[in-house]
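A.B. asks: Sequence plus predicted model, see below.
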Amino acid sequence: MFLFFLSFFILIIGLIKPSIFRKVLGFVPSRKIIALVCLWAMTFFLIASRVTVPKTPQKEKEMLQKEEEIVVNQNLAPKEKTETVSKEKEEEEAPPTLPVQSPAPTPPSSQPPSGGQTSAVQPSQEVQPPVAEEPTEYKVTYVVDGDTIEIEGDKRVRLIGINTPESGQPYFSEARNKLIELVLNKRVRLEKDVSDKDQYGRLLRYVYVGDLFVNLEMVRLGYANSYSYPPDIKYQDQLLAAEREAREKQIGLWAPAQELTGTIVVSQMRADAAGDDNKNLNDEYFVLKNTSTKPINLTGWTVKDAATHIYTFPSFILGGNASVTIFTGSGSNTAVELYWGSTRAIWNNDGDTLYLRDKNGNLVLEYTY
């Protein structure tokens with residue numbers, strides 16, 4: 001359109017003052033020639049602008065919207081008709097013949113086609129990609145201790161139903177080395193009980209290498225004790241039986257300290273403190289008595305309950321025929337009183353087991369109430 005208006009401007013100038021073209025053309029054209037040339041140019045540019053001017057994005061958008069509305073209206077009409085026919089089928093129990101619709105896709109008929117009935121066209125089904133299945137076996141990449149492993153994917157697994165010594169305690173290395181022998185760099189199968197994870201985010205599982213039940217094997221060989229922690233008690237009877245077998249054989253954790261067996265006894269156990277046990281910790285205690293005439297060095301010895309609570313004796317010598325009371329709470333140690341330093345009650349009121357071990361981890365005393 002710019003050239004059209006330029007030609008119109010030249011026409012006006014040429015009609016008023018034709019001598020202005022002398023410098024450009026070298027002569028002065030007549031007003032008639034100027035008028036003919038400019039009118040011809042204006043006509044050409046006007047026609048060219050109508051042919052070549054592209055549609056604006058706004059016009060294209062409006063045209064597309066109109067086309068979409070037409071298509072939607074075409075599809076909606078047969079859909080409504082099909083739904084009406086389906087309702088009439090259910091009420092009258094007589095399948096009428098559907099009218100022939102446009103080729104636009106319609107939802108499937110509620111009844112299969114039969115006889116002269118025209119069935120609705122099935123819409124194309126979107127194909128979903130297959131869901132990747134969880135592997136049934138995992139490679140063990142690291143052994144943390146006697147009851148915890150790591151598998152591929154940096155996931156930690158806690159073997160449930162058992163418990164082994166922690167780092168720095170007797171038999172820690174022996175239990176960890178045994179578990180390394182059983183599972184490291186091997187593929188294991190995991191079985192879930194009731195709980196999925198513990199408070200530390202570890203998977204709670206029974207572990208198998210082939211047909212070998214690893215949890216049970218660790219207990220049977222004396223590297224772990226049975227550890228009941230409801231609700232995950234599916235195999236607890238088997239684990240308890242394996243622990244009894246290891247005790248009878250006096251292997252691993254159940255190897256006795258021969259020279260001290262029978263010399264130390266629990267002379268008193270007070271598990272049920274007055275009132276709230278957790279608010280009266282020093283009314284929960286037990287008393288150990290040395291029945292021999294010789295003093296016994298208890299430094300580094302441990303006391304453990306049936307769960308995972310462990311007390312390690314400080315530098316302490318229990319004199320011949322002497323007794324020492326170990327309180328659950330806090331206080332100042334003396335020659336006859338020691339304090340566990342726990343912030344919660346240790347001993348179960350309805351029954352528990354006390355294990356006393358020497359500094360080498362050998363079992364000196366097992367007391368159940």
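C.D. replies: Sure thing, it's come through.

A.B. asks: Using the three-state scheme, assign the residue lying closest to Lys178 once chain neighbours are set aside.
C.D. replies: Leaving aside its sequence neighbours, Lys178 sits nearest to Tyr223 (Cβ to Cβ, 6 or more residues apart in numbering; 4.8 Å). From N, CA and C alone the C-beta is placed, and that goes for glycine too. Three-state call for Tyr223 (DSSP: H, G, I helix; E, B strand; the rest coil): coil.

A.B. asks: show me the contacts for Tyr223.
C.D. replies: Gly146, Thr164, Tyr171, Glu174, Ala175, Lys178, Leu179, Gly252, Leu253 (Cβ atoms under 8 Å, 6 or more residues apart in numbering).

A.B. asks: Val207 belongs to a strand?
C.D. replies: Yes - using three-state DSSP, the assignment for Val207 is a strand.

A.B. asks: What is the neighbour count of the nearest residue to it once chain neighbours are set aside?
C.D. replies: Excluding the flanking residues, the one nearest Val207 by Cβ to Cβ, 6+ apart is Val214, at 4.3 Å. By other Cβ atoms under 10 Å, 23 other residues sit near Val214.

A.B. asks: Val214 contacts Glu181, correct?
C.D. replies: No - using Cβ atoms under 8 Å, Val214 is not in contact with Glu181; the gap is 10.7 Å.

A.B. asks: Relative to Gln250, how far out is the residue nearest to Lys178?
C.D. replies: Separation of Tyr223 from Gln250 (Cβ to Cβ, to the nearest Å) stands at 14 Å.

A.B. asks: Check Ser30 too.
C.D. replies: For Ser30 relative to Gln250 (Cβ to Cβ), the value is 134 Å.

A.B. asks: Counting neighbours, go ahead and name the busier of those two.
C.D. replies: Gln250 (14 against 10).

A.B. asks: so who does Ser19 touch?
C.D. replies: Val28.

A.B. asks: before we move on, back to that, now the phi/psi pair for the residue nearest to Val207, please.
C.D. replies: Per-residue torsions, Val214: phi -60, psi -40 (degrees, to the nearest 10).

A.B. asks: ok, Thr141 touching Ile151?
C.D. replies: Yes - assessed by Cβ under 8 Å, Thr141 is found in contact with Ile151 at 6.4 Å.

A.B. asks: ok, the two, which is more surrounded?
C.D. replies: Counted by other Cβ under 10 Å, Thr141 and Ile151 do not tie: Ile151 has more neighbours, with 22 against 14.
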